[in-house]
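Peer 1: Fold the following, please.
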Amino acid sequence: MALTDRLLPWLSGAAALLLGVGLYAAFFLVPPDYQQGETVRIMYIHVPAAWLGMFAYIVMSSASIGALVWRHPLADAAQKTAAPLGALFTFLCLVTGSLWGKPMWGTFWVWDARLTSYLVLFLIYLGVIAIRQTMDDTPRGARVAAIMTLVGLVDIPIIKFSVDWWNTLHQPASVFRAGGSTISGSMLWPLLVMAAGASCLFLALHFMALRNEILRRRLARLTLRAVRAEEALT
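Peer 2: Numbers count the residues shown, from 1 in each chain. So this is what the prediction gives:
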């Protein structure tokens, strides 16, 4: 709690500054693409959302290992609070991808390997959240959610390498690749700024959610102690 209390103002400020600069550059400084025209500006929302959707799942998986192996309550809380944020970024990625796909492919959706595997990731997020909701934060529910998270981790490399393993409509990696980025520098730097800002936003939201979860669990324990004390007196 003390650590997040110090980090949150810095993360929130960095997120606001980076996203502000990135959005201004994306909409007013970046030139239109020679093939995609103005629709390329969707990339500055779509790509950071895609990165964060996968990054949040990696955070969840790491926390799940901590919860299963070391049974650390903070790891379980981190796994639980990362799921809704990951689902949000994944949903944003799917929506912006559909809006981008319509003018480029002529349709909002195709059962492309990259799109389908990313949709599976969204469904996994919903499944983990549903387990948490239906099992009422019981230790068994936490274990089931952690195991399901680790099983679903196999989808992350499928998403990453789907454009290399199969013939897909989705473009291959163009930012981080062995031969260097294929994106022009004038378009690349705002994208990296947006990605950094979105990452700071995710961390800030995750820390806030984690603080709320810790306080909620403390309140639940105090309430249970009060009920037990009252029962003992009666």
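Peer 1: now the top helix by length along the chain: mean pLDDT?
Peer 2: Counting by DSSP state H, the longest helix found in the chain is helix 185-233. Mean pLDDT, helix 185-233: 91.
Peer 1: other SSEs contacting it?
Peer 2: Applying 3 or more C-beta pairs under 8 Å, 6 or more residues apart in numbering; DSSP states H and E, one finds that helix 185-233 contacts helix 2-24, helix 43-69, helix 73-105. In this view, the C-beta of every residue, glycine as well, is placed from N, C-alpha and C.
Peer 1: what's the angle from it to helix 2-24?
Peer 2: Computed with axes from the mean of the first three to the mean of the last three C-alpha atoms, to 10 degrees, the direction of helix 185-233 lies at 150 degrees from that of helix 2-24.
Peer 1: Now for the closest residue to Met148 other than its chain neighbours: which residues touch it?
Peer 2: Distances taken as C-beta to C-beta, 6 or more residues apart in numbering put Val128 closest to Met148, at 5.7 Å, once the chain neighbours are dropped. Contact analysis of Val128 by C-beta atoms under 8 Å, 6 or more residues apart in numbering lists 60, 83, 145, 148-149, 152.
Peer 1: so where's this protein uncertain?
Peer 2: For the chain, residues meeting the criterion pLDDT under 70 lie at 173-182.
Peer 1: which SS state does Trp111 fall under?
Peer 2: What DSSP: H, G, I helix; E, B strand; the rest coil gives for Trp111 is coil.
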